[in-house]
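Undergrad: below: sequence and its predicted model.
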Amino acid sequence: RMETDCNPMELPNNTSFEEDSDYRDFEGTDVKDMRLEAEAVVNDVLFAVSNMFVSKTLPCAEDVAYINVETRERNRYCLELTEAGLRVVAYDFDQTDDRLQTPYHETVYSLLDSLSPAYREVFGNALLQRLEALKRETQS
């Protein structure tokens, strides 16, 4: 299994998967890079948690990435992101506990909703504000 550093910000801007011979075998297939997927997850909900970032300590691969999240209640979790979804793999940053058998969630929203009442409130309020803004736009 190929393991890579989890920081996509360190990649040169001119990197192209087509030119990279390691990725030629995957052309035409729908291969997701979980590191990029994890960055998208973080960007989506960062506003509703205290802290959230892709782990730089745990190994990333094409099929798995790890995300550290601290809820507004100050609880810390390490999340595993795979094709199966997201699940809690430890109750601290950059850890995994094989004994932990937590369920997979299809979305980060569902996972955070189950972990953090404060997330639910902040996310709900943001949604409400967006809807009210849309309503104002359609009325003008």
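TA: All right, it came through fine.

Undergrad: next SSE downstream of the lowest-mean-pLDDT helix or strand in the chain?
TA: Across the helices and strands of the chain, mean confidence by mean pLDDT, DSSP states H and E is lowest for helix 21-24: a mean of 42. Per DSSP states H and E, helix 21-24 leads on to helix 34-45 as the next helix or strand towards the C-terminus.

Undergrad: now that next one: mean pLDDT?
TA: The average pLDDT for helix 34-45 rounds to 96.

Undergrad: paired strands for the next helix or strand after it, with orientation please.
TA: Sequence order places strand 51-54 as the next helix or strand after helix 34-45, per DSSP H and E. Next to strand 51-54 in the sheet, as set by DSSP bridges, lie strand 65-70 (antiparallel).

Undergrad: what's in contact with the partner strand?
TA: For strand 65-70, contacts defined as C-beta atoms under 8 Å, 6 or more residues apart in numbering pick out 6, 34-35, 37-38, 41-42, 49-55, 58, 60, 76-81, 86, 89, 93-94, 96, 112. Any C-beta I mention is one placed from the backbone N, CA and C, and that applies to glycine too.
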